[in-house]
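1. Sequence first, then the predicted structure:
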Amino acid sequence: MSVVPYKEKSTSKRVQVEEMFDHIAPKYDFLNRFLSLGIDIIWRKKLIAKLKKSNPKYILDIATGTADVALATVQKLQPERIVGVDISNLMLEVGRKKIKNRNLSSIIELIQADSENLPFAQNEFDAATVAFGVRNFERLEIGLAEILRVLKPGATLAVLEFSKPKTFPVKQIYQFYFQYILPKVGNWLSKDASAYTYLPESVDKFPYGKDFLLILGKVGFKNSQCHSLTFGIASIYTAQKPS
């Protein structure tokens, strides 16, 4: 059974995740910085750095949210175009304002779309990124297969996602923070009690590390690698579409 934000509702995970992000969209950026102590900014920069060698010109950013990765990618890689997709239109609206304020509307386009049904042709993008989004896919393998479909042969997928640290005392501190501190503070600031209860639950159920690498291989990616971040709190996964 998949983890959903609103257990009392019978709607699909996709619908519930969209509703959740619509609720927290106005405070999402602040909550990210506050609850991660700003470490999420460093993690996103490391994610983007994984694409530097291939120098992609046309990039797809999935679960783009408020476009943090897309904006940072323009700064770091100078691509010709980035398309960001997300199921939450209110998150995208926040992102569009940020893009407009930085005069980057000619480079970054945001589209409301589902990762399991991407509105793009086969073999279209030079690279794809997903930051803290694969946990929210309703059907993980189908979403990853869709990303594979729209990538050009040889193109790179880079995924940033939470993991579970295993070493003492990081493991114990992490578990205490995720189970007790983050839900209370997140609820207080976002006024959505479910959003920051769903976060640790979805992290706990996510097939991280070697398990996620196996799934990438199963759907057709090759050369999959896992790069641990900050004592194992998060990981970056890279993989290529076969040439």
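-> Now that the structure is in, tell me what you want to look at.

2. so what strands line up beside the top strand by length along the chain?
-> The single longest strand within the chain, with elements called by DSSP state E, is strand 151-162. Here strand 151-162 is paired, per DSSP bridges, with strand 125-131 (parallel), strand 234-240 (antiparallel).

3. Give me the residues contacting the first one.
-> Strand 125-131 has contacts (CB atoms under 8 Å, 6 or more residues apart in numbering) with 43-44, 47-48, 51, 54, 56-63, 65, 68-69, 73, 79, 83, 147, 150-152, 155-161. Glycine gets a C-beta too; all of them are placed from N, C-alpha and C.

4. Kindly recompute the last result at 6 Å.
-> Residues outside strand 125-131 that contact it (CB atoms under 6 Å, 6 or more residues apart in numbering): 44, 51, 56-63, 69, 147, 150-152, 155-160.

5. filter those to the buried ones?
-> 44, 51, 56, 59-63, 69, 147, 150-152, 155-160 (16 or more other CB atoms under 10 Å).

6. what about the closest residue to D61 other than its chain neighbours, how many neighbours?
-> Nearest residue to D61, sequence neighbours excluded (CB to CB, 6 or more residues apart in numbering): G84, at 4.3 Å. Neighbour count of G84, defined by other CB atoms under 10 Å: 29.

7. S235 and Q16, how far apart?
-> 25 Å (CB to CB, to the nearest Å).

8. make that R81, sorry
-> Counting by CB to CB, the gap from R81 to Q16 is 32 Å.

9. okay, the two: which has more neighbours?
-> Between R81 and Q16, counted using other CB under 10 Å, the more crowded position is Q16 (22 against 15).

10. who's in contact with that one?
-> V4, P5, Y6.

11. Check which helix or strand the second one maps to.
-> P5 belongs to no helix or strand when assigned by DSSP states H and E.

12. quick one on the thing from earlier: closest one to D204 among the strands paired with strand 151-162?
-> Nearest of these to D204, taken as CB to CB: strand 234-240 at 14.3 Å.

13. Break down this structure into its helices, ranges please.
-> For the chain, helices defined by DSSP state H occupy the ranges 13-24, 28-36, 39-49, 68-77, 89-101, 140-150, 170-176, 182-190, 195-205, 210-219.

14. on contacts alone, who are the packing partners of the longest one?
-> If I follow you right, that is helix 89-101. Helices and strands touching helix 89-101, by 3 or more CB pairs under 6 Å, 6 or more residues apart in numbering; DSSP states H and E, are strand 108-112.

15. Show me what the strand it packs on pairs with in its sheet, parallel or antiparallel.
-> strand 81-86 (parallel).

16. Please state the offset of the strand it pairs with from the chain centre?
-> Here the centre of strand 81-86 is set off from its chain's centre by 12 Å, with CA atoms, centre = their mean, to the nearest Å.
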